[in-house]
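Participant: Based on what follows, work out the 3D shape:
(chains A and B)
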Amino acid sequence: MTAVERPIGEDELHAYVDGFLGPERRLTVERYLADHPDAAARIAGWQAAGEALREAAAWKFQEPVPAALNIARLAETRIASRWGPWRIAAGIVIALALGAGSGWLARAPRGAGGAASARKVAAAVNRESGSHPVRLAAGQPALLEGRVTQGSGGAVTPPDLSRSGYRLVGGQVAASGQGPACMLLYEDAQGTRITLLMRPVQKHDTSATQFAESGGGNGGRAPQLAEAGADSGGRVPQFAEAGGNSGSAARLAEGGSGGGATAAGSCP
Amino acid sequence: MSVLSKLEENIPSLRRYAWTLLRNSSDADDLVQECLLKALDRIDTLRAASDLRSWLFTIMHNLYVNRWRRMKLRARLAADNAEAEPAVGPSQQASAEIQDVLRGLSSLTEEQRQIVLLVAVEGFQYGEVAAMLGIPVGTVMSRLSRARDRLREFVEGRERPLLRRVK
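Facilitator: Next comes the predicted model:
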């Protein structure tokens, strides 16, 4: 080697081993290795280790893909469940007929029972909250989703209740004793509104049931709904991450539309 | 070619990567399944079909880091490598070199292991690995060097069981 060449860096030695060098630079590296036995030995070791690794893993690559990983089947179940109820089963407590209460949403409460429950839940949600609730205008689901993510530190997908006839019209973020929570407001074609309170549910969380009791004044189904939340909550520390068992999911879905009808009475 | 068949094409390499990370077939396939389900849910966030492979590996990496590492599977493997599955199909016998390199793999840090597997086995570019792992390329390169030097010691027989070199 006569001419002074650009020095060979360690990164280039990797690129040489991994075949990422152009032909010219590759030759340069080869010449360098011929003159530097230590580097050549190191490279040979890297190459031997890479080959051994590839060989060690090859059988798994060649193995037939098990039926559990059949992509068509997975896609089928996923599409069927995309807007299905169990996406929302985990960690959801439904508090019915909370039209307003403590300035949560624009509407004032009408039914006395509804107002009392609303205050209870809102108070529970705001308790220990250092932050102010973020209120969002109706009809901005995209914004809402963004805010919910930002506010809670974890991704939250507002459940789609369109199969029950409800669409998302607004909501806000606040803190609950169990961490960040968000309240989502849904409305159907008749103007009937229901509110979902979503929050993380910890293992052995008994307050889910307490919420249910406070919502129970509005509709007989509420305790059942909250049970669904508590059932699935044990294992799932995240928001809306799928995981509820389908039994509770079914109850939740039923209650979602059934509870709405009840809600019409106290929050017209 | 449909998106589904493109996803399907990548399953063997996802299974290979999951297995080399976890060294347990059923845990590995659970991870792959979770990855595929997440990918199906988020397929609309994939910008270009050419990104599919690194996009899938990114999803799987995040799942692995968030969930599986929390379950301390790695800690268990590191503590008792005998629990790790041998690197062969039922009918083969692992060569000494394969056994050596797998012991070396178990001795790496989590980050070194991921990087050397993504580069040397899965064939990703350094920049792709950096983006996948959310770290600078320089960090990828330095970890790759440490990982390769360490594996080399095992493959060349300078690291034998009960004979650890102290640096």
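Participant: phi, psi of A:Leu184?
Facilitator: Note on A:Leu184: its backbone torsions stand at phi -120, psi 140 [degrees, to the nearest 10].
Participant: Does B:Asn10 belong to a helix, a strand or coil?
Facilitator: When classified by DSSP: H, G, I helix; E, B strand; the rest coil, B:Asn10 comes out as helix.
Participant: which residues does it contact?
Facilitator: The contact partners of B:Asn10, by CB atoms under 8 Å, 6 or more residues apart in numbering or on different chains, come to B:Leu52, B:Arg53, B:Leu56. Heads up, the C-betas are built off the backbone N, CA and C, glycines and all.
Participant: ok, the residues you listed vs A:Arg78, which is closest?
Facilitator: B:Leu56 (15.0 Å; CB to CB).
Participant: give the contact list for the closest one.
Facilitator: Here B:Leu56 is in contact with B:Leu7, B:Asn10, B:Leu14, B:Cys35, B:Ala39 (CB under 8 Å, 6+ apart).
Participant: Of these, which belong to helices?
Facilitator: Among the contacts of B:Leu56, DSSP state H puts B:Leu7, B:Asn10, B:Leu14, B:Cys35, B:Ala39 in helices.
Participant: in terms of contact, does the third one touch B:Glu34 like I think?
Facilitator: If I follow you right, that is B:Leu14. No. The criterion here is CB atoms under 8 Å, and B:Leu14 misses it with B:Glu34 at 10.7 Å.
Participant: about what we covered before: between the ones in helices among the contacts of B:Leu56, which is closest to chain A?
Facilitator: Distances from chain A to the ones in helices among the contacts of B:Leu56, taken as CB to the nearest CB, are shortest for B:Leu7 (5.3 Å).
Participant: Which residues lie in contact with the nearest residue to that closest one once chain neighbours are set aside in this structure?
Facilitator: The shortest distance from B:Leu7 to any non-neighbouring residue, by CB to CB, 6 or more residues apart in numbering or on different chains, is to A:Ile71 (5.3 Å). Residues in contact with A:Ile71 (CB under 8 Å, 6+ apart) are B:Leu4, B:Ser5, B:Leu7, B:Glu8, B:Ile11, B:Leu36.
Participant: I figured the last one was touching B:Glu8, is that so?
Facilitator: No. Under the criterion of CB under 8 Å, B:Leu36 lies out of contact with B:Glu8, with a separation of 9.2 Å.
Participant: the more surrounded of those two?
Facilitator: Remark: of B:Leu36 and B:Glu8, B:Leu36 carries more neighbours, 25 against 19, as counted by other CB atoms under 10 Å in any protein chain shown.
Participant: Quick check: pLDDT value at the closest residue to the more buried one other than its chain neighbours.
Facilitator: Of all residues not flanking B:Leu36 in the chain, A:Leu74 sits nearest, at 5.4 Å (CB to CB, 6+ apart). For A:Leu74, the model assigns a pLDDT of 87.
Participant: hmm, back to that, spatially, which two of the contacts of A:Ile71 are the most separated?
Facilitator: B:Ser5 and B:Leu36 (13.1 Å).
Participant: Just say helix, strand or coil for whatever residue of the stretch 1-150 of chain A ends up closest to chain B.
Facilitator: At 3.2 Å from chain B, A:Gly45 is the closest residue in the stretch 1-150 of chain A, using CB to the nearest CB. Per three-state DSSP, the secondary structure class of A:Gly45 is helix.
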